[in-house]
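# Here you go, sequence then predicted model.
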Amino acid sequence: MDLFTYYRSTSSYRVRIALALKGLDYSAVPVNLLLGEQRSAHYLALNPQGRVPTLRSDSGALLSQSPAIVEFLEERYPEPALLPQDAEQRARVRAVAATIACDVHPLHNVSVLDRLRQLGHDEIQVGQWIEHWIGLGLAAVERQIGDQGFCFGPAPGLADLYLLPQVYAAERFKVDLAGCPRIRRVAALAGQHPAFIQAHPANQADTP
Ligand SMILES: N[C@@H](CCC(=O)N[C@@H](CS)C(=O)NCC(=O)O)C(=O)O
């Protein structure tokens with residue numbers, strides 16, 4: 001498999017964690033978002049939306065959107081499972097994923113921040129915007145997850161692979177997580193886990 005990725009893209013980071021948790025081998029193909037490579041004709045032919053990640057599967061299928069890619073990996077490579085057996089518990093896990101992927105991350109994506117700047121907002125206002133939406137979203141996640149182990153127990157799963165990249169973004173944008181002890185506990189555990197270490201933005205081929 002080939003993963004078109006950018007080292008500090010949180011959506012790419014989710015997929016890298018899923019691949020690592022499942023022990024799947026892949027080649028990373030860097031797409032430099034700062035250089036605008038996601039808008040090149042070559043990349044748009046792979047991903048018409050011009051965003052990372054894109055996964056080229058073993059059979060050559062081009063897959064976009066990290067939630068779709070992660071669900072594909074879960075279906076094609078079911079072990080170890082990222083989702084629990086119980087339907088209600090699965091809904092809780094997916095709710096954490098959706099809080100992050102639908103209600104937090106899109107609000108601080110590169111193109112959204114650039115649009116705020118184009119509309120005349122200065123860097124202080126852009127920073128306040130980021131802090132507001134990440135802070136609000138993670139405060140909700142803090143109440144959604146459990147109080148032991150990873151988000152939902154001793155083994156990492158789907159909720160964790162959404163949460164850790166969002167924590168990375170929070171740290172990058174200097175959002176205070178003092179009021180989120182559960183999230184900080186999960187982050188500390190993941191910091192010791194080989195799959196999360198392998199997938200971390202600091203450890204990628206395109207890390208500057
Ligand atoms: N919902 C998409 C979001 C993808 C996305 O927005 N990726 C960002 C990096 S995290 C990107 O490629 N941004 C480039 C741009 O906005 O020009 C997913 O989960 O894959």
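That came in fine, so what should we check first? Numbering: from 1, shown residues only.
# could you say what helices and strands the helix or strand of the chain with the lowest mean pLDDT packs with?
One helix or strand of the chain scores below all others by mean pLDDT, DSSP states H and E: helix 110-118, with a mean of 94. The contact analysis (3 or more C-beta pairs under 8 Å, 6 or more residues apart in numbering; DSSP states H and E) places helix 110-118 against helix 123-144. (C-beta placed from N, C-alpha, C; glycine too.)
# got the CA positions of the one helix or strand residue 45 maps to in CSV?
Per DSSP states H and E: residue 45 is located in helix 41-46. Only the C-alpha atoms of helix 41-46 are listed here, as CSV (Å, rounded to 0.1, in the frame of the first residue of the first chain):
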residue,chain,number,x,y,z
ALA,A,41,-2.2,18.2,-11.4
HIS,A,42,-0.4,15.0,-10.5
TYR,A,43,-1.9,14.9,-7.0
LEU,A,44,-5.4,16.0,-8.0
ALA,A,45,-5.5,13.1,-10.4
LEU,A,46,-5.2,10.9,-7.3
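# Pull up the residues of the protein that are close to the ligand.
9-11, 33, 38, 51-53, 65-67, 101, 109-111 (C-beta under 6 Å from any ligand atom).
# So how do I select the buried members of the residues you listed in ChimeraX?
Filtering those down to the buried ones (16 or more other C-beta atoms under 10 Å) takes a single ChimeraX command:
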select :9,10,11,33,38,51,52,53,65,66,67,101
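# Next step: the residues of the chain next to the ligand restricted to helices.
10-11, 66-67, 101, 110-111 (DSSP state H).
# From the residues of the chain next to the ligand, pick the one nearest residue 1.
residue 53 (11.2 Å; C-beta to C-beta).
# Quick check: pLDDT value at the closest residue to the closest one other than its chain neighbours.
Excluding the flanking residues, the one nearest residue 53 by C-beta to C-beta, 6 or more residues apart in numbering is residue 12, at 4.2 Å. Note on residue 12: pLDDT of 98.
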